[in-house]
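K.L.:
Mind folding the following:
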Amino acid sequence: MGVPSFIILVEKNPSFWRVCHFHDMELVIDGNCLFNFLYKYLNIDAIGNYSEYSVKLEMFFMWLINRRITPYVIFDGAYDIDDKKIETVKCRAQQRINNPEEQTPILAKTTFTNILNKLKISFLKCDFEADRDIQRLANELKCPVLSRDSDFFIFDVHYGYIPFDSLPLNSIFKGIDNQEFKIKAYVIENLWKKFPFLRCNMALLATALGNDYLNKNSNVLQNAYRSDNFRLPRCKTEVSDLFEIPIRKGEPFFITIRKVLYWMCRYKDAERGKRQLLYFCYKDSREEDMVNRSIKVFTEPDNYMGYNLRVILKGGQSGSLDGSIIPIQVPTWIIDSHRRGGIPDFILNTLIHERNILLCQVEGSHAISSHECSLSIREVLYALLLGPKEAVTEHDRYKMSVCEFQREGGTRVTSCELSDIPYMYRGLKMQLLVEALECPIPSVLICESLGQTRIFLMITTYWVKMAKPTIDINFLKSVLINYLLFSTTKHAEFCELKKDIREDDILYKRNPLADGTKGFEDQGVEIIYSKYLHDDVRLKDLYSAVTGFAARYIKTNRDNKSNIIRTFAQFQSCILYATYLNQLLNNPLENVNPAYVFNGKFLHDMYYTLKETKEDIIEHYLASEKYHLKCFKSMLQFVQKNVYVGNNE
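P.N.:
The predicted structure is shown next:
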């Protein structure tokens, strides 16, 4: 993201930074950057260990709160109205397909916002890209920005920009508040002291160095770098005072930065520099358009078209929408709810662009995407938003490429207008969920202590019905036990649960054929048992025994069958789009928390253990907890009553 080459310049100049007194202050946080960065920084498995992720998120925000820092988290919104970054978004979608295990899983953002709600941390969503709104809000609040987007090195953030790497992240997640750690903020005024000619030319600098809109490897910039206009005098290639920290001679990135800065100090006029770059497009209209867009997005807008985030954060209304550039066909209640985080970007993209880019998961090499499982839910969404038979373009994975699919709004749901939804009776909204998920509303008597159990069971039933290949009973039992375990385990207990492995209560795998075969593909006769009697073990012991047993045979995701990974990926897709539908209907049912319903590692371990077990280990481990055993059986019976579930033979 942003202007990658510029990072080199600021890292080599310590004078651009100042020590930030990181306490008793307000802080504007780039939400999209943070939820992605933390998932990858924590090295959490990309199959979706949301319970672990939620624990770490709570640690991070409590660290801020304990320093008396008031965070305001701001998220991106829909694709830009003029599609100026659509090719970048498609490129990132292709990168997910190429390396899905390096990407953030699809329910991470929902997990993130759940923690914000739990801790009562204010967050908002912008109509479109958030960078300018974040900058403006921080300047109005007179506080720094926390992000990892190098665009904030270019924007005039008055009170400093703090990259995530400036924080003592290792100490934070070890529960240590290292007060001695010096947190540094980048201050653009310090840059301008050294390079005064950049004060009015930051947009030109960001364009000439390359960014999300105009890649540094584009034809126009490569033509410019090779031209006489960008050629450095001999003295400039050998000796430079640009970098306070010495660099190795001949580093290509540094030479490019020298060239650009030398070119700019001679031109000094932004309009003249822009004309020069347009000349190097050699009348290629697409290249010219990219140059113009880049200059525009990095130029401080005089007639800014965003909305005032500060008014809502301080308890006001979102106010008039006259300044918004959202098309008139989007209802005002959708816009207001989206800004407050109640409506997903998927809804706004459908209404504005009639297009959505679906994010690939870790799901194996199957030809068809795991999102095909949840297609009928999305068709209901499209019908509610645009009307039946209206086409929407979906960009989704097919084999190893992003492909376009034309989807139509479904016709099998009760007819209703989008404008009617805010005034619709709850019973009618629930009926829409019933029709979309093809499942009745479960009785409140089924595991009544958690309101989200009702929609969880509806989603699970839908998944069992739609998943390909067909789901067996072990998949269903794994999902139900996962829900029972993590919904009844408080966040503070989760880390202890992971350590509380009873070494003397281990599931043993014994092969009477003694052929030495081990692992998932072993088809020999297996006997798995626990040394403890029924009244000695509990639900948390099941977690310990299952994870300990599976760890001896499953070392990486590659040790799992691809069909199993794909099946659980389909479950995530069903959760995501059922949540979107429930949100569009203003939440007639309590949404599921991904930290409760999906711990990818445990789900895979549980399925493996159930497959290898020839006795009912669930009955064994829940024998001492009659309430949980009753809940498990009630949930299992509900799903089996509404859809056929095959056995594991």
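K.L.:
Can you get me a residue count around the closest residue in space to Thr88 that isn't next to it in sequence?
P.N.:
Nearest residue to Thr88 in three dimensions, chain neighbours excluded: Asp212, at 5.2 Å (Cβ to Cβ, 6 or more residues apart in numbering). Bear in mind the C-beta positions are built from the backbone N, C-alpha and C, glycine included. Counted with other Cβ atoms under 10 Å, the neighbours of Asp212 add up to 24.
K.L.:
now do Lys611
P.N.:
16.
K.L.:
just checking, it touches Asn474?
P.N.:
Yes - look at Lys611 against Asn474 with Cβ atoms under 8 Å: they come within range, at 5.7 Å.
K.L.:
Check the secondary structure at the residue nearest to Thr88 for me.
P.N.:
Three-state call for Asp212 (DSSP: H, G, I helix; E, B strand; the rest coil): coil.
K.L.:
Distance check, it against Asp151.
P.N.:
Counting by Cβ to Cβ, to the nearest Å, the gap from Asp212 to Asp151 is 8 Å.
K.L.:
From Gly31, how far out is Ile134?
P.N.:
Remark: distance between Ile134 and Gly31 (Cβ to Cβ) = 9 Å.
K.L.:
Ok, Lys540 next?
P.N.:
Here the criterion is Cβ to Cβ. By it, Lys540 lies 33 Å from Gly31.
K.L.:
Tell me which of those two has more neighbours.
P.N.:
Gly31 (26 against 19).
K.L.:
any idea how far the more buried one lies from Leu576?
P.N.:
To Leu576, Gly31 is 18 Å away according to Cβ to Cβ.
K.L.:
Over to Met264?
P.N.:
With the distance defined as Cβ to Cβ, Met264 ends up 45 Å from Leu576.
K.L.:
of those two, who's got more company?
P.N.:
Each of Met264 and Leu576 has its neighbours counted (other Cβ under 10 Å); Leu576 has more, 24 against 19.
K.L.:
Pretty sure that one sits against Leu107.
P.N.:
Yes - with contact defined as Cβ under 8 Å, Leu576 counts as touching Leu107 (6.2 Å).
K.L.:
per the record, what domains does the chain have?
P.N.:
With the TED database as the criterion, the domains of the chain are listed as 1-193, 195-304, 440-506+529-645.
K.L.:
In CSV, list these along with distance to Glu379 and mean pLDDT.
P.N.:
Below are the domains of the chain laid out as CSV (distance: least, Cβ to Cβ, whole Å; pLDDT from 0 to 100):
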stretch, distance to Glu379, mean pLDDT
domain 1-193, 19, 92
domain 195-304, 32, 84
domain 440-506+529-645, 10, 84
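K.L.:
Show me what the helix or strand where Asp396 lies is packed against.
P.N.:
Here Asp396, judged by DSSP states H and E, is contained in strand 391-398. Contact partners of strand 391-398 among helices and strands, from 3 or more Cβ pairs under 8 Å, 6 or more residues apart in numbering; DSSP states H and E: helix 86-98, strand 355-357, helix 375-386, strand 401-408.
K.L.:
Just want the angle from the longest one to strand 401-408.
P.N.:
Using axes from the mean of the first three to the mean of the last three Cα atoms, to 10 degrees, the interaxial angle of helix 86-98 with respect to strand 401-408 works out to 110 degrees.
K.L.:
Name the next helix or strand downstream of helix 86-98, please.
P.N.:
For helix 86-98, the following helix or strand on the C-terminal side (DSSP H and E) is helix 108-118.
K.L.:
quick one: contacts of that following helix?
P.N.:
Outside helix 108-118, the residues within contact range by Cβ atoms under 8 Å, 6 or more residues apart in numbering are 31, 34-36, 39, 48, 50, 53-54, 57-58, 61, 73, 121, 123, 341, 576, 579, 593-595.
K.L.:
Sort out which of these are in strands and list them.
P.N.:
Among the contacts of helix 108-118, the residues falling in strands (DSSP state E) are Val73, Phe123.
K.L.:
longest helix in this structure, by residue count?
P.N.:
Counting residues, the longest helix found in the chain (DSSP state H) is helix 562-584.
K.L.:
quick one: buried residues of that helix?
P.N.:
Within helix 562-584, the residues that count as buried by 16 or more other Cβ atoms under 10 Å are 564-584.
K.L.:
Equivalent analysis for stretch 283-298, please.
P.N.:
Along stretch 283-298, these residues count as buried under the neighbour rule (16+ other Cβ under 10 Å): Glu287, Glu288, Met290, Val291, Asn292, Arg293, Ser294, Ile295, Val297, Phe298.
K.L.:
ok, and what's touching it?
P.N.:
With Cβ under 8 Å, 6+ apart as the test, stretch 283-298 has contacts from 84, 151, 154-155, 202-204, 206-207, 211, 213-214, 218-220, 270, 274, 277-278, 281.
K.L.:
Relative to the whole chain's centre, how far out is it?
P.N.:
Stretch 283-298 has its C-alpha centroid displaced from the chain centroid by 29 Å (Cα atoms, centre = their mean, to the nearest Å).
K.L.:
next one: stretch 40-60
P.N.:
Distance of stretch 40-60 from the chain centroid (Cα atoms, centre = their mean) equals 11 Å.
K.L.:
and if you look at stretch 164-181?
P.N.:
With Cα atoms, centre = their mean, you get 23 Å for stretch 164-181.
K.L.:
Pull out the buried positions in it.
P.N.:
For stretch 164-181, a neighbour-count test (16+ other Cβ under 10 Å) marks Phe164, Ser166, Leu167, Pro168, Leu169, Ile172, Phe173 as buried.
K.L.:
Now, those residues that are in strands?
P.N.:
Of the buried residues of stretch 164-181, none are assigned to strands by DSSP E.
K.L.:
now, the most widely separated pair of these?
P.N.:
Spatial extent of the buried residues of stretch 164-181 (Cβ to Cβ) is set by the pair Ser166 and Phe173 at 15.5 Å.
K.L.:
circling back: possible to save the helices and strands packed on strand 391-398 as a markdown table with mean neighbour count and distance to Val645?
P.N.:
Below are the helices and strands packed on strand 391-398 laid out as a markdown table (neighbours: other Cβ atoms under 10 Å; distance: least, Cβ to Cβ, whole Å):
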| stretch | mean neighbour count | distance to Val645 |
| --- | --- | --- |
| helix 86-98 | 15 | 31 |
| strand 355-357 | 19 | 31 |
| helix 375-386 | 22 | 19 |
| strand 401-408 | 14 | 28 |
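K.L.:
Can I get these in a markdown table including distance to Pro422?
P.N.:
Shown next, in a markdown table, are the helices and strands packed on strand 391-398 (distance: least, Cβ to Cβ, whole Å):
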| stretch | distance to Pro422 |
| --- | --- |
| helix 86-98 | 30 |
| strand 355-357 | 23 |
| helix 375-386 | 13 |
| strand 401-408 | 25 |
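K.L.:
Out of these, which is closest to Ile8?
P.N.:
helix 86-98 (21.3 Å).
K.L.:
Now do the closest one against strand 391-398, angle only.
P.N.:
Between helix 86-98 and strand 391-398, the angle comes out at 40 degrees (the same axes, to 10 degrees).
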